[in-house]
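**Student:** pasting the structure only:
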């Protein structure tokens, strides 16, 4: 089976940088994805890493280390609108994702 | 493009009743999924489909059924509703490249079984 571990909550102030970690155990691995979900809303896709290293998309970056079964999402120049839940998800097969329980990010002024 | 459309948005069911949650997408995506999300939890996969006529069970399929007669539609059927099925249900789709290229989610159906 698959399991993912991420912190339940992270707090930060506007303008700061925050890192949300994710460790995973899976019988097969095709990649690590990140999703954002605002309260009451639908998850939206942020990023995907299949290979080791850092992927940058604007203020958000995602990192993967396959040998350590570890990844993180880095959010820079935090804004109030970044307050949301962030989920890591692993693709252990070609077709499906298994999601972590999510990290609630609270950004304060 | 409407993306992924789910209906209804809210529903209250009595124990033992049945209902169908509708999901349709207009992006010509082959892969479609049903997830449920309980408070403070991640999303758990109920069923998925890799194309019309093909469905498979996910992590929590008991109490649910699906069908995929067209590329666009992927309804989820609840038979004999139970309080444990109180949850938010999300339908999602992605293109033929598989799960890694990003799911597009519908806005969800909030179901309460009383």
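**Tutor:** Now that the structure is in, tell me what you want to look at. Nothing here was measured: the structure is a model prediction, and the numbers come from that model.
**Student:** flag every residue of chain A that's near chain B.
**Tutor:** A:4, A:30-31, A:33, A:35, A:41-45, A:48, A:50, A:87, A:91, A:93-102 (CB under 8 Å from any CB of the partner chain). Placement of C-beta: from N, CA and C, glycine included.
**Student:** and if we set it to 6 Å?
**Tutor:** Counting by CB under 6 Å from any CB of the partner chain, the residues of chain A close to chain B are A:30-31, A:42-43, A:45, A:48, A:87, A:91, A:94-97, A:99-102.
**Student:** can you pull out the low-pLDDT segments for chain A?
**Tutor:** For chain A, the stretches flagged by pLDDT under 70 are A:94.
**Student:** okay, strands next: where are they in it?
**Tutor:** For chain A, the strands defined by DSSP state E cover A:3-5, A:9-13, A:18-25, A:31-37, A:44-49, A:53-57, A:60-65, A:70-75, A:84-91, A:98-99, A:103-108.
**Student:** about what we covered before: buried subset of the residues of chain A next to chain B, written for PyMOL?
**Tutor:** The following PyMOL line selects those of the residues of chain A next to chain B that are buried, judged by 16 or more other CB atoms under 10 Å in any protein chain shown:
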select buried, chain A and resi 30+31+42+43+45+48+87+91+95+96+97+99+100+101+102
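**Student:** what sits opposite the residue most central in space within chain B in the beta ladder?
**Tutor:** Geometric centre of chain B, nearest residue: residue B:34, 2.9 Å, by CA atoms, centre = their mean. As for beta bridges, residue B:34 partners with residue B:47, residue B:91 under DSSP bridges.
**Student:** that one and residue B:47 touch, don't they?
**Tutor:** Yes - applying CB atoms under 6 Å, one finds residue B:34 in contact with residue B:47, separated by 5.1 Å.
**Student:** give me the distance between the nearest residue to residue A:57 once chain neighbours are set aside and residue B:105.
**Tutor:** Among residues not flanking residue A:57 along the chain, residue A:47 sits closest, at 5.9 Å (CB to CB, 6 or more residues apart in numbering or on different chains). Here residue A:47 is placed at a distance of 16 Å from residue B:105 (CB to CB, to the nearest Å).
**Student:** try residue B:3
**Tutor:** 9 Å.
**Student:** who has more neighbours out of these two?
**Tutor:** residue B:105 (22 against 15; other CB atoms under 10 Å in any protein chain shown).
**Student:** residues touching the residue nearest to the centre of chain B, list them.
**Tutor:** B:46-47, B:76, B:91 (CB atoms under 6 Å, 6 or more residues apart in numbering or on different chains).
**Student:** and what of residue A:92?
**Tutor:** Here residue A:92 is in contact with A:2, A:26, A:28 (CB under 6 Å, 6+ apart).
**Student:** and what of residue A:27?
**Tutor:** Residue A:27 neighbours (CB under 6 Å, 6+ apart): none.
**Student:** any idea how far residue B:61 is from it?
**Tutor:** Using CB to CB, residue A:27 is found at 19 Å from residue B:61.
**Student:** do the same with residue B:72
**Tutor:** In terms of CB to CB, residue B:72 sits 22 Å off from residue B:61.
**Student:** just so I have it, where are all the strands in chain B?
**Tutor:** So, for chain B - with DSSP E - the strands run B:4-7, B:10-13, B:19-25, B:31-37, B:43-51, B:54-57, B:64-66, B:76-78, B:87-94, B:104-105, B:109-113.
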